[in-house]
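[1] this one's structure only:
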C-alpha cells in the first residue's frame with residue numbers, strides 16, 4: 001500500500017512540469033506551489049542519492065540512516081500531496097508548466113550542488129583538525145539554504 005502511495009506521489013511530482021490548478025481560476029502557480037515543486041524534486045534527488053550510499057556496518061548507524069531516509073520520504077510525500085490537493089493535472093497552460101518545470105529542475109540541480117559543496121567542505125574538515133566550528137560552517141553553506149528550507153517547517157497551509 002505504501003509503495004502505491006509513493007509511486008502516486010512521484011507521478012504527481014513528475015507531472016508538476018505540465019500541470020494547472022483547477023481551483024479559483026488561478027492564472028499561475030502560487031509561491032507555495034513553486035516551493036512544493038522545488039522541494040519535492042530536491043528531496044527526490046536527496047532520497048535517491050542517500051539510498052545509494054552505503055551506511056556504516058554499525059547496526060545503530062544503519063537504523064539512523066533508515067530513519068533519515070524515511071523522514072526525507074515523508075517530507076517529499078507531503079509536498080507531493082500538497083500539489084495533488086491543489087488539483088494539478090495535465091494542461092496546455094504553457095506559462096504554468098514552464099514555471100513549475102523551472103522550479104522542479106532547479107530543486108534537483110541545487111540539491112546536487114549543495115551535496116557537492118557539503119562533501120568538499122566536510123572533506124576539508126576531515127583533512128585538518130575536525131572541529132565543531134568547521135562542521136557548523138559546512139552545515140550553513142549558502143549554496144544549501146534553499147535545500148535546507150525543504151527540511152524545515154514550511155508555509156504550506158496544511
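    Thanks, I have it. Predicted model, so just to flag it, every value in this text is computed and none were measured.

[2] Look up which helix or strand the closest residue in space to residue 49 that isn't next to it in sequence falls in, please.
    Once flanking residues are discounted, residue 49 sits nearest to residue 115: 6.4 Å by C-beta to C-beta, 6 or more residues apart in numbering. To be clear about C-beta, it is placed using only N, CA and C from the backbone, and glycine gets the same treatment. Using DSSP states H and E, residue 115 falls within helix 94-127.

[3] pretty sure the residue nearest to residue 49 is touching residue 52, no?
    No - applying C-beta atoms under 8 Å, one finds residue 115 not in contact with residue 52, separated by 11.8 Å.

[4] Looking at these two, which is more packed in?
    residue 115 (17 against 7; other C-beta atoms under 10 Å).

[5] Quick check: that one vs residue 63, distance?
    Residue 115 sits 22 Å away from residue 63, going by C-beta to C-beta, to the nearest Å.

[6] now residue 113
    According to C-beta to C-beta, residue 113 and residue 63 sit 29 Å apart.

[7] Check residue 144 too.
    Note on residue 144: its distance to residue 63, by C-beta to C-beta, is 25 Å.

[8] Between the two, point out the one with more neighbours.
    Set side by side, residue 144 and residue 63 show more neighbours around residue 144, with 19 against 11, by other C-beta under 10 Å.

[9] Test my guess that the more buried one contacts residue 114.
    Yes - counting by C-beta under 8 Å, residue 114 is a contact partner of residue 144 at 4.0 Å.

[10] The residue of the chain most remote from its centre: what secondary structure?
    With distances taken as C-alpha atoms, centre = their mean, the residue sitting farthest from the centre of the chain turns out to be residue 129, at 31.7 Å. Following DSSP: H, G, I helix; E, B strand; the rest coil, residue 129 is assigned to coil.

[11] Backbone dihedrals for it, please?
    Dihedral pair for residue 129: phi -90, psi 110, per degrees, to the nearest 10.

[12] Excluding residues flanking it in the chain, which one is nearest residue 85?
    Here the residue nearest residue 85, using C-beta to C-beta, 6+ apart, is residue 158, at 7.4 Å.

[13] quick one: the one you found and residue 82 touch, right?
    Yes - assessed by C-beta under 8 Å, residue 158 is found in contact with residue 82 at 7.3 Å.

[14] Comparing these two, which shows the higher neighbour count?
    residue 82 (22 against 6).
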